[in-house]
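Engineer: model the following, please.
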Amino acid sequence: RRSVLASLRATRLGAPLPPSCGLLKPSSVLWTESSNSASASSWSRLYSASSSAWSAASSESTVSDSVGSSRRATTSSSSGSGTVPYGRTHYCGADLSHLISSSASSASSSVQLSGWLRHRRQLNPTFAFAVLADGHGQTQVVYNPQIHTALQSAPLESQIRVIGNVSARPLDATNSTMSSGNYEVHVSECTLLNEARDLPFFLHKADQVAEEVRLRYRHLDLRRPQLQHNLRLRARVYESMRSVLFERGFVDVETPTLFRSTPEGAREFLVPTRQKDRFYALTQSPQQYKQLLMAGGFDRYYQFARCYRDEGHRADRQPEFTQLDLEMSHVEEENIYELIECLLVEAFAAAGHTLPTPFPRMTYAEAMLRYGVDKPDTRYEMCIEDLSTSDLASNATLFYESTVIRAFAAPALAEVLSKKKLQALLPKNTISLFGTSDGVQLSGSACKSLSTVQQTRLIQQFSVHQGDVLLLTHGTDEETVASTLGRLRIAVANELRAADRLVFCSDEPFRPLWVHDFPLFSRADHEEGEEYDGRTLDATHHPFTAPAPEDAHRLLSDPLSVRGRHYDCVLNGVELGGGSIRIHQADVQLSVLRDVLGLPESRLHSFSHLLTALASGCPPHGGIALGMDRLIAVMCGASSLREVIAFPKTSSGNELLSGAPAEVTSAQKLEYHLR
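Structural biologist: Residues are numbered from 1 along each chain as shown. Next up is the predicted model:
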């Protein structure tokens, strides 16, 4: 018991699972039809001479008491991951090298495994092998098909239990990439636990199946090694983060999911009630509840919170998601930065990665100027430069009435994309110039409007070489030009990455970054179909963010110039999370809601509980929330959030496995006043 508890404690502290846990790469297989014939013949020669002995050993109907005793004795160290499997001695894929025996009937090497029948191959009438798989890995078993008919006749993916002895594989049949690749189990007993019928696809061909089909049969898709790896990694990351927070005195507090509708961000999911014209709203985040906890004296709060946002068909979003929600009293930005860096370092260590610290910092203004986005990917260069004050601004032919000109150079882009494909990639008001071998002039249709001196200056400023492309965007609005060029920079990087021509700044796979000094407010952007409520400004983050102290005096006179105490944590161009120091004075909060954002009295009423709490002596406080789905996706290198969530929704919000959302009966509609 002590060893098991010690292993559990090690796992809680973020120690990576040992190799014996049997987690495999998706491409790992023990035997396929394409295995080389030399190995197959070696297997056949090895066992053909002893088929009679093999049959005798396999025909035993039960395992002796001594074998059972041995099996029980080895259970305490069976899994290699600090846990004992139920109903078997070991997990598939466990490292059982220490049990390898030269004797086919050795009691000391007997094991009991259970798993899905993943592969099967017969070499002669009395010799065959199969692969058993569970959530931890795969193990090859060898059997006599004339005796062990369950193994021979069961459909693939049936649940099988085997009892047998561990033996070394022939040298030319070992697989060094797998923890179970140097041994096999010689079956003495097998039992069909459950037969798989009418499967829509087989796991060894899952990568050839449409994602919609895999989502419809997600219970089957979850058996894939990659999904097993991702979800088990997610659990380890959660444990490592909980350990850090527990050591720092944080309290895990659950807050309600059913809240009231408030105008604080994305569209909400409404939940009808039996009270006529009364609705709950699913929480977009526990934002107001965690501020209420600060007023209530829980000065260090956290929870892994389920959140809900109706964001329509936005790409790679989920209507329900998980975030690590944190709030602290009497904190400053530096305290938040230090805590999150520590949490992420521990989380990445649990996944076997190293994260460089301290994280660099960049203002919002610098990010938009140099990268055109507020979540820049700093792993590669292609930085944007401002040419608005250069002599190009006077070139009326190219930049007619434009007051903003910005550009970046894309190395080797002309060698990756044809001019036709490049032209299709370029947004409006964007010019492409091409590097030449002479290093003095550029090529392209726009060059006739540029002097040789201007071309040479651009070549030197952006270090343009032959095969490079210089991309210039111009316009009259600084924000529009910046975001246009930012999206183009990402699109170009994707093209270069696909061709393996993207040049990275360093070998570090992860480049974290803090972005801060965001504008507190922005101009209201009402979506099509949204009811216009007269507002001209929106809160950039949310309406509870405190203004920067040096800008607070302009809160009413010039709100668009006020910076907020908002910060985002960015990794490889992905926003992992964001937070802020909050407004903790009721009068300031009321002024922001009423005087700056212009909320009518009817909507101010929905914040009365928060204003009352702030007015009760609420301490200064701040916090942050990390998106766990996106964080795990970055760790795993997953192309979609659906690859790190057990039962995800499609981009249209449908859950194909259960058919949700679904129709309800007329009686239910009547009960909830929906008719």
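
Engineer: hey, let's count contacts and neighbours off CA atoms from now on
Structural biologist: OK.

Engineer: tell me where the stretch 501-650 of the chain has helices.
Structural biologist: Taking DSSP state H, counting those that start in this stretch to define them, one finds helices in the stretch 501-650 of the chain at 586-591, 601-604, 608-614, 628-636.

Engineer: wait, which of those is closest to residue 193?
Structural biologist: helix 628-636 (33.4 Å; CA to CA).

Engineer: re earlier: nearest to residue 230, of the helices of the stretch 501-650 of the chain?
Structural biologist: Each of the helices of the stretch 501-650 of the chain was scored for nearness to residue 230 using CA to CA, and the closest is helix 628-636 (6.5 Å).

Engineer: so residue 133 sits against residue 115, correct?
Structural biologist: Yes: with contact defined as CA atoms under 8 Å, residue 133 and residue 115 form a contacting pair (5.0 Å).

Engineer: and the two? which has more neighbours close in?
Structural biologist: Using other CA atoms under 10 Å as the criterion, residue 133 and residue 115 rank with residue 133 on top: 26 against 23.

Engineer: separation between that one and residue 160?
Structural biologist: For residue 133, the distance to residue 160 (CA to CA, to the nearest Å) stands at 10 Å.

Engineer: now do residue 96
Structural biologist: 19 Å.

Engineer: quick one: which of those two has more around it?
Structural biologist: Between residue 96 and residue 160, residue 96 has the larger neighbour count (other CA under 10 Å), namely 26 against 21.

Engineer: check contacts around that one.
Structural biologist: Applying CA atoms under 8 Å, 6 or more residues apart in numbering to residue 96 gives the contacts 166, 180, 183.

Engineer: recalculate using a threshold of 6 Å.
Structural biologist: With contact set as CA atoms under 6 Å, 6 or more residues apart in numbering, residue 96 has no partners.

Engineer: now residue 149: phi and psi?
Structural biologist: phi -70, psi -30 (degrees, to the nearest 10).

Engineer: how deep is it tucked in, by neighbour count?
Structural biologist: So residue 149, with other CA under 10 Å, has 14 neighbours.

Engineer: quick check: the gap between it and residue 564.
Structural biologist: For residue 149, the distance to residue 564 - CA to CA - is 71 Å.

Engineer: state which helix of the chain is the longest.
Structural biologist: Across the chain, the longest stretch assigned as helix under DSSP state H is helix 225-247.

Engineer: what's downstream of that helix, the next helix or strand?
Structural biologist: strand 251-252 (DSSP states H and E).

Engineer: identify the residues contacting that next one?
Structural biologist: 301, 302, 303.

Engineer: rerun at 8 Å
Structural biologist: Contacts of strand 251-252 (CA under 8 Å, 6+ apart): 298, 300, 301, 302, 303.

Engineer: name the residues contacting each of residue 133 and residue 160.
Structural biologist: 114, 115, 116, 117.

Engineer: okay, those in TSV with pLDDT next?
Structural biologist: Below are the shared contacts of residue 133 and residue 160 laid out as TSV (pLDDT from 0 to 100):
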residue	pLDDT
114	96
115	96
116	97
117	96
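
Engineer: in strands, which of these fall?
Structural biologist: 114, 115, 116, 117 (DSSP state E).

Engineer: my guess is the first one meets residue 88, correct?
Structural biologist: Yes: applying CA under 8 Å, one finds residue 114 in contact with residue 88, separated by 6.7 Å.

Engineer: the more surrounded of the two?
Structural biologist: Neighbour comparison, residue 114 and residue 88: the larger count goes to residue 114, with 25 against 19 (by other CA under 10 Å).

Engineer: okay, and the beta partners of the closest residue to that one other than its chain neighbours?
Structural biologist: In space, and not counting its chain neighbours, residue 114 is closest to residue 161: 4.2 Å by CA to CA, 6 or more residues apart in numbering. Beta-bridge pairing for residue 161 (DSSP bridges): residue 114, residue 191.
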